[in-house]
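Novice: Need a 3D model of the following:
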Amino acid sequence: MSEVAPMIETLENRWMRAWVGQDKKTLKGLTSSRFRLVVGSTPSVLLDARSFLEAADGGFSCSAYRFGDIYVRKHGSVAIFATQMDMTAVLNGADWSGRKWVCDLWLRGSLRRGWRMIERQISGVEDRPDVSTAVRALQLWR
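Specialist: Sure, this is the predicted structure:
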């Protein structure tokens, strides 16, 4: 992990706690106005920042979360955060709890120098251990 990893992980936890606590002010402060939430469904679907922030305290709420293995990588003014996340959530009145794969893109602003989440992709997790083993077998750096 890079030197930015602890900071991005802290921001992720602040963002998630704001969602869980329905703290719209904090959530909005950590979310870019260009934010997109992409849900890996069939067909895939997205919410823009305004739609997500409006839904975050009712139509799409999260009441608990726990991150798994965390991956962070910085590319200039962009940082990628990826993890498995166990979450307790409600989507449009239906239970949407379970293990999800989350990949977030954070953008560092040029004026205020603060980081804001600009994109979140969320989908199911591949839980088959043979997939992980097969991919590891392809790694050249072992």
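Novice: Okay, helices next: where are they in this structure?
Specialist: Using DSSP state H, the helices found in the chain span residues 5-20, 24-30, 49-55, 129-138.
Novice: for these, which one sits closest to residue 37?
Specialist: Evaluated over those, closeness to residue 37 peaks at helix 49-55, with 5.1 Å, by C-beta to C-beta. Every residue, glycine included, has its C-beta placed from N, CA and C.
Novice: Go ahead and name everything in contact with the closest one.
Specialist: With contact meaning C-beta atoms under 8 Å, 6 or more residues apart in numbering, helix 49-55 is reached by 24, 27, 28, 31, 32, 33, 34, 35, 36, 37, 47, 60.
Novice: Mind listing the strands the top strand by length along the chain pairs with, and their directions?
Specialist: Secondary structure of the chain per DSSP state E: the longest strand is strand 60-75. Strand 60-75 sits in its sheet next to strand 78-91 (antiparallel), going by DSSP bridges.
Novice: got the buried residues for the strand it pairs with?
Specialist: Using 16 or more other C-beta atoms under 10 Å as the test for burial, strand 78-91 gives 79, 81, 82, 83, 84, 85, 87, 89.
Novice: show me what contacts the third one?
Specialist: Residue 82 makes contacts with 70, 71, 72, 101, 102, 103, 104, as judged by C-beta under 8 Å, 6+ apart.
Novice: which residues does residue 126 contact?
Specialist: For residue 126, the contacting residues are residue 101, by C-beta under 8 Å, 6+ apart.
Novice: Can you give me the distance of it to residue 132?
Specialist: Using C-beta to C-beta, to the nearest Å, residue 126 is found at 8 Å from residue 132.
Novice: Specify the beta-bridge partners of the residue lying closest to residue 81 once chain neighbours are set aside.
Specialist: Spatial nearest neighbour of residue 81, chain neighbours left out: residue 104 (4.4 Å); criterion: C-beta to C-beta, 6 or more residues apart in numbering. Per DSSP bridges, the residues bridged to residue 104 are residue 81, residue 120.
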